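In: got a structure for you, letters missing:
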Ligand SMILES: Cc1cc2nc3c(=O)[nH]c(=O)nc-3n(C[C@H](O)[C@H](O)[C@H](O)COP(=O)(O)OP(=O)(O)OC[C@H]3O[C@@H](n4cnc5c(N)ncnc54)[C@H](O)[C@@H]3O)c2cc1C
């Protein structure tokens with residue numbers, strides 16, 4: 001196993017048994033999945049988080065969309081997304097069994113649609129790129145679209161099916177992961193970690209979402225997303241089954257239907273760190289959503305919220321040792337993909353911990369050391385076990 005091995009001294013959080021093999025900082029989907037996988041392999045695991053599940057996952061839509069989210073210039077990330085999405089069916093079965101709860105995993109697929117001719121032209125450019133990568137995108141005529149989803153607006157000019165882009169409900173996923181981790185023996189300590197040097201464990205995994213910047217000095221910055229939650233009338237399920245992602249008069253929007261009647265409509269992408277919800281954002285999201293699916297106008301608006309995606313300079317996650325600190329592993333910076341990337345992240349980090357020093361090849365492009373030469377990172381991570389973040393951290397925000 002990587003790290004110093006089990007120790008019998010207690011950390012500041014006064015864990016009431018031998019110091020753990022693995023301490024996970026952050027009980028979002030990423031941290032909890034790692035905790036579950038490590039505990040299931042027989043390691044002693046402690047998870048630290050004052051408010052489990054309160055990070056980005058609480059507002060996330062839960063799209064598992066390696067195809068629709070394959071963007072120009074992000075080929076390595078697309079490979080990781082595809083790998084993780086491929087692990088989702090088995091992960092969902094295992095987790096549902098381990099936790100004994102439904103996580104809202106659905107496989108109807110995703111329709112990507114364009115409202116106007118310009119919207120469709122923009123969508124087609126991306127499909128051409130995605131098809132060039134060999135990803136399964138099937139263009140559909142308007143009549144074929146409406147056969148699949150009769151509720152789509154007659155104005156919709158065309159679209160495509162990404163059949164392998166699925167969805168899960170993050171508000172079910174995170175409690176299920178917590179239950180599975182605890183059943184496997186992981187212990188949750190509901191206190192924050194203020195400095196990594198306060199944690200005593202064989203290996204420390206930093207999976208604290210946007211909190212990773214303050215703990216490590218690595219360049220994780222908040223990318224705000226505002227989201228709406230609607231509910232179909234009379235407790236009925238929504239009048240559509242696929243995830244709908246659309247371009248509507250230049251606005252991008254998605255609608256994610258749940259069996260419960262909930263529809264998640266999102267999301268803005270803003271380089272800021274407040275959690276305010278603005279009237280303008282609600283207006284733009286609703287207008288685009290109603291343009292694509294008119295019946296949405298009759299739904300109840302039950303929640304408006306905002307969350308902070310943990311972004312990185314290249315939009316890809318950081319997975320692996322903190323530069324200069326082999327006993328500290330980073331699992332962070334999942335940006336807009338943390339839900340889809342949960343299975344592969346948990347497997348790779350667990351393999352790294354249990355693998356006797358060998359690193360899974362899939363991790364290579366995503367090691368945090370790719371940012372080690374950015375100004376501020378060296379300053380932040382070169383202070384030994386105190387892990388004081390550099391004051392320059394703000395310059396990445
Ligand atoms: C609007 C929006 C929509 C999204 N939609 C999708 C989607 O459809 N599909 C998808 O794959 N992803 C989506 N995401 C992204 C996804 O939510 C994130 O990538 C994912 O939640 C990251 O998981 P995480 O566990 O790393 O961090 P988080 O979910 O942010 O959890 C971090 C946890 O760490 C804890 N923490 C922080 N600091 C400390 C500390 N010092 N000590 C202890 N604990 C600490 C927090 O309390 C929190 O519980 C979306 C995000 C947003 C904002």
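Out: Happy to help now that I have it. This one's a predicted model, so the numbers in the text were calculated from it and none came from an experiment. Residues are numbered from 1 along each chain as shown.

In: distance of residue 147 from residue 58?
Out: As judged by Cβ to Cβ, to the nearest Å, residue 147 and residue 58 stand 36 Å apart. Just so you know, the C-beta spots here come from the backbone N, C-alpha and C atoms, and that holds for glycine as well.

In: Compare the two and say which is more crowded by neighbours.
Out: Neighbour count, other Cβ atoms under 10 Å: between residue 147 and residue 58, residue 58 has more, with 15 against 10.

In: Skipping adjacent residues, who's closest to that one in space?
Out: Computed as Cβ to Cβ, 6 or more residues apart in numbering, the closest residue to residue 58 that is not its neighbour in sequence is residue 307, at 6.4 Å.

In: Give me the distance from stretch 155-170 to the chain's centre.
Out: Distance of stretch 155-170 from the chain centroid (Cα atoms, centre = their mean, to the nearest Å) equals 18 Å.

In: and residue 121, what helix or strand is that in?
Out: According to DSSP states H and E, residue 121 maps onto helix 117-132.

In: can you pull the buried residues of that helix?
Out: 119-120, 123, 126-127, 129-131 (16 or more other Cβ atoms under 10 Å).

In: What distance do you get for the residue of the stretch 51-200 of the chain found nearest the ligand to residue 201?
Out: Proximity to the ligand, evaluated over the stretch 51-200 of the chain using Cβ to the nearest ligand atom, is greatest for residue 55 at 2.3 Å. Distance, residue 55 to residue 201, using Cβ to Cβ: 21 Å.

In: now residue 108
Out: Counting by Cβ to Cβ - residue 108 and residue 201 are separated by 42 Å.

In: Tell me which of those two has more neighbours.
Out: Remark: of residue 108 and residue 201, residue 201 carries more neighbours, 27 against 16, as counted by other Cβ under 10 Å.

In: The residue nearest to the more buried one when sequence neighbours are not counted: neighbour count?
Out: Closest residue to residue 201 apart from its sequence neighbours, by Cβ to Cβ, 6+ apart: residue 23 at 3.6 Å. When neighbours are defined as other Cβ under 10 Å, residue 23 has 28 of them.

In: Just say helix, strand or coil for residue 23.
Out: Classification of residue 23 using DSSP: H, G, I helix; E, B strand; the rest coil returns strand.

In: ok so, going back, distance check, the residue of the stretch 51-200 of the chain closest to the ligand against residue 123.
Out: Residue 55 is 31 Å from residue 123, where distance means Cβ to Cβ.

In: quick one: the helices in this protein?
Out: Assigned helices in the chain, in chain order: 29-40, 75-99, 117-132, 142-148, 170-183, 212-216, 279-292, 342-354, 377-381 (criterion: DSSP state H).

In: ok, the closest residue to residue 139 other than its chain neighbours - how many residues close by?
Out: Distance criterion Cβ to Cβ, 6+ apart; nearest residue to residue 139, sequence neighbours excluded, is residue 160 at 4.7 Å. Residues lying near residue 160 (other Cβ under 10 Å) number 27.

In: show me the contacts for residue 160.
Out: 111-112, 123, 127, 137-140 (Cβ atoms under 8 Å, 6 or more residues apart in numbering).

In: and if you look at residue 188?
Out: Going by Cβ under 8 Å, 6+ apart, residue 188 touches 27, 46-47, 49, 52, 178, 181-182.

In: and it, bridged to which residues?
Out: residue 47 (DSSP bridges).

In: From residue 55, how far off is it?
Out: Distance check for residue 188 against residue 55: by Cβ to Cβ, it reads 15 Å.

In: so what secondary structure elements neighbour the helix holding residue 121?
Out: Helix 117-132 sits against strand 110-114, strand 158-162, strand 243-248, with contacts defined as 3 or more Cβ pairs under 8 Å, 6 or more residues apart in numbering; DSSP states H and E.

In: Give me the residue ranges of the protein where confidence is low.
Out: Applying pLDDT under 70 to the chain flags the ranges 1-17, 357, 375-397.

In: Pull out the buried residues from stretch 76-87.
Out: Per 16+ other Cβ under 10 Å, stretch 76-87 contains these buried residues: 77-78, 80-85, 87.

In: count of residues packed around residue 154?
Out: Applying other Cβ under 10 Å, we find 7 residues neighbouring residue 154.

In: so residue 177 touches residue 95, yeah?
Out: Yes: in terms of Cβ atoms under 8 Å, residue 177 counts as a neighbour of residue 95; the distance is 6.8 Å.

In: Have a look at the two and say which one is more surrounded.
Out: Per other Cβ under 10 Å, whichever of residue 177 and residue 95 has more neighbours is residue 177, with 30 against 25.

In: which residues does the closest residue to that one other than its chain neighbours contact?
Out: The spatially closest residue to residue 177, leaving aside those adjacent along the chain, is residue 32, at 3.8 Å (Cβ to Cβ, 6+ apart). Contact analysis of residue 32 by Cβ under 8 Å, 6+ apart lists 24, 47, 52, 174, 177-178, 180-181.

In: separation between residue 32 and the ligand?
Out: Separation of residue 32 from the ligand (Cβ to the nearest ligand atom, to the nearest Å): 7 Å.
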